[in-house]
Every structure is written in structure tokens, then in C-alpha cells.
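Novice: just a sequence and a predicted model for now, questions to come.
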Amino acid sequence: MLDRDHCLALDAGDPLREFKDEFVLPEGVVYLVGNSLGALPRRTAERVRRAVADEWGKELVGGWNTEGWYEQPLTLGDRLAPLIGAGPGQVVVGNTTSIAIYQAVAAALRLRPERRVIVSDVRNFPTDHYMVQGLAGLLGDYEVRDVAAGGFEDAAVVLLGEVDYGTGARHDVPSVTAEVRAAGALMVWDVCHSVGAMEVDISAADFGVGCTYKYLNGGPGAPAFLYVNPRHHAAAENVLSGWMGHAEPFAFEADYRPAEGVRRFAVGTPHVLSMAALEAALDMWERVPMGQVRAKSMALTSLFIDLVGDALEPASPLDAAARGSQVSFRHPDGYRVMRALIDRGVHGDFRAPDILRFGIAPLYIGYADVYDAAATLLEVLDQELWQDERYAHRRGVT
Ligand SMILES: *Cc1c(COP(=O)(O)O)cnc(C)c1O
């Protein structure tokens, strides 16, 4: 079952196999970091070139009107919405996930002024928790409670990630959302590690945030997105009350007056060039059957776990339905193991203190890639290639 020829046969029968040709991937590299920075779609370079040379170069400031730049936060939001189970007019694109978290949690607190507890997850990607701590510090008189402490009855808002960045463990979104809402709290989902890797549906939640540079392949620094449930459009407030969320930005009025709908959650000038790269990625996503992406993701991550066997201790759930599109393992010298692996063409990453992460993006990773990655990993471990002195010193970005 687990030999390379079998994997090649699975690749040949893969309904998603044609998507690999839509990406630029370096020769001799198995890229398992699509959960951190997605690979480059072929169409992106031309789309960005056009934005620079034709839109900016020829239209100059007129591009705000003629090239749709001003509308990008909403037009791209509408195109992204189906990927998270949302509808048109519910998603705004821009800023960073950290900023979107701040906006979402702050808006939720204002909608539940009688409650003083923010539930967050200390195991979540740190920025989520940091942003909550900063907001609570500014407001004073708020308790930030770890989700492990339990209890939503007195919570104003609950912020959780659908898929854990470290272990890849996945929450059951419908049941957690229902539980949080039944307790009278507002639910904010962070879908950074699930969007583009599986069918995501946060339409029952109150707010949602996510980034577009991981599985969505929007490019380094691609803008984030913020979903606001329509039931809050009239009352939810944007504490980052920038001019782009004003009802009439170009009236240059003295006082802030929020725009109707999700537009009020825009803050400042859109990142036009980053939006162009994201747009190119979304052109592709429109053709991607997400059910097949999830099925292949579960098969690939299971294959990787099976091939590695007991050579490493898994940190991810063994049940495919309970994990995202990544596999994590623990090793006390994980950093060195990863460096040795990258030197041999298999790119994963390391998360302190001891996690080796492998993101498996089904659009450009195949069964034979997973086979080769596992074979190289086993070689690095068996021969203790990681013991080489070259791997002892840490670089700035792991
Ligand atoms: C990647 C990621 C982020 C990134 O935040 P930025 O502000 O866009 O840098 C935030 N939260 C989670 C859960 C992530 O996985």
C-alpha cells in the first residue's frame, strides 16, 4: 500500500492534479509550508504587473475610480465570502488578521456591554491572544479568560481558531458556535488555518477573521478579511473609525459617521498591489471544488502520519476529521531536524518549543510528494543528520 508507485498511481487519478500546474514551484523542493506562506500562483505575476504598469503607471490617481481600487475591500470580500460560508456584503478585505481581531472583539464587547469577560485560547496563534490582552488593557475592568477554564455564561465574547496553528487540531465550528451563542456570548472565529484547506462555514458566528496568504496563496503580506454577520450590521461599531469606514469619506466631514453595512469596518487606504495578487488567487479559487480539497487533504495528512510511523511522536490528532491540513510532530531537537530536512529539499517549519510542522496544501502537493518528504524525514532521523553543527544556530524567522 505505502510504496512510491502506489502514490504515483494516486496522483494520476487525482481529480485536483491539474491545479499543480497553476503554481510556480522550485525544482527539487517539496514545499510543506503552505500553511504559513502559500505558493505563488502562475497568474499572479501578470496580474501584479498589470496593476503596477497599466493601472498605476497609466491611470495614476485616477485608478481609484477607473480601476476599482476604492471598491476592492468590498469586491474582494464578496469574492472571498463563499470560501467561509458567507454571502455578498458580509466580508471586508484589508489590514491584517491582528487588526481584524481587534475590530471584531471590540465590536462584540460593545454589543454586550453588561458582560466583562473575554474568552480566548492561550494555545492559539499568539497574536490573537496578544490583541485581546491589549484591548482589555485599554478598556480596563475586563477579565481575559483561557478557554480551558471553561464556562461561557458570563462571557461577552469568545475568540477561537478553527484549526490550531501548532497541532492542527480542529474545533467543531457548528457545535461550539451554538454553545457560545446559547450562553448569550458572541462568537468570533479565526479561520487562518482552515480557509482554503476545507469547507469553512462561519455564517452562524457573529464575526470571523482570517488571512489570505496561507492556504489561499494571496502572497506575502496579503490582506486579511473580516466577516460581520448581517444581524449586527446596523449596531456593530468599528473602534478603528478610519475614513474608509465613513459614510462619505470624500465629504471630509469633521465627525465620524459610519457607512452602512460591512463597509464601516474598512479602516484606511486599501493595499492595492497586495489586493491585485489576492485577486489573482481568487480567480483560481472560483474553480476549486472544496469538497475534493478536503478529501485529498485528509488522505495526504493520513498518509504522512502512516509513513512516519513511530519514528516521531505525532502532535496532531490521529483522526483526520479532527485535524486541519497539517501534520505536526514533536522532537526535542525539532529545530535542527527541520534545518537538516530543508537542506535536503523538504520544507516544513518549526514552532517553539518542539514542534515540527508540515502544511499540506492539496492544490500543489501530491501523494508522491508526501512519500518523498516522509522518506527524507526518516533518513534525517535514522542517520541523525540533524546532529551536524551547522544546524545548531537559530535564524530570526523559523
Ligand atoms: C497566521 C495567523 C495570524 C496572522 O496575523 P497577522 O496579523 O496577519 O500577521 C493570526 N492568527 C492566526 C490564528 C494565524 O494563524
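Specialist: Cool, got the structure.
Novice: going by C-alpha atoms from here, please, whenever you check contacts or count neighbours.
Specialist: Fine.
Novice: how far away is the residue lying farthest from the centre of the chain from the ligand?
Specialist: Taking CA atoms, centre = their mean, the residue of the chain most remote from its mean C-alpha position is residue 254, at 36.9 Å. Noted for residue 254: a distance of 30 Å to the ligand, by CA to the nearest ligand atom, to the nearest Å.
Novice: so for the longest helix anywhere in the chain, what gets flagged as buried?
Specialist: Identified as the longest helix of the chain according to DSSP state H is helix 290-308. For helix 290-308, a neighbour-count test (16 or more other CA atoms under 10 Å) marks 290, 292-294, 296-298, 300-305, 307-308 as buried.
Novice: pull stretch 363-381 out as CSV, backbone CA atoms only.
Specialist: Extracted in CSV, the C-alpha atoms of stretch 363-381 (Å, rounded to 0.1, in the frame of the first residue of the first chain):
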residue,chain,number,x,y,z
LEU,A,363,-3.7,22.1,-4.8
TYR,A,364,0.0,21.7,-5.3
ILE,A,365,1.1,18.8,-3.1
GLY,A,366,0.6,15.2,-4.3
TYR,A,367,0.9,11.7,-2.9
ALA,A,368,4.4,11.1,-4.2
ASP,A,369,5.5,14.5,-2.7
VAL,A,370,4.3,13.3,0.7
TYR,A,371,6.1,9.9,0.1
ASP,A,372,9.3,11.7,-0.7
ALA,A,373,9.0,14.1,2.2
ALA,A,374,8.5,11.2,4.7
ALA,A,375,11.4,9.2,3.2
THR,A,376,13.7,12.2,3.6
LEU,A,377,12.5,12.8,7.1
LEU,A,378,13.1,9.2,8.1
GLU,A,379,16.6,9.4,6.6
VAL,A,380,17.4,12.5,8.6
LEU,A,381,16.2,10.8,11.8
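Novice: residues in contact with stretch 312-326?
Specialist: 35, 163, 167-171, 193-194, 197-198, 297-299, 301-302, 305, 327-331, 355, 357-361 (CA atoms under 8 Å, 6 or more residues apart in numbering).
Novice: one more: stretch 280-297?
Specialist: 15-16, 41, 43-44, 47, 79-80, 196-199, 216-218, 325, 360-363.
Novice: shouldn't residue 205 be within a helix?
Specialist: No. Counting by DSSP: H, G, I helix; E, B strand; the rest coil, residue 205 is not found in a helix; it is coil.
Novice: Provide the secondary structure category for residue 88.
Specialist: Residue 88, by the three-state scheme (three-state DSSP), is coil.
Novice: contact partners for it?
Specialist: Neighbouring residues of residue 88 by CA under 8 Å, 6+ apart: 77, 78, 79, 81.
Novice: sorry, back to before: quick one, which of the contacts of stretch 312-326 are buried?
Specialist: 35, 163, 167-171, 193-194, 197-198, 297-298, 301-302, 305, 327-331, 355, 357-361.
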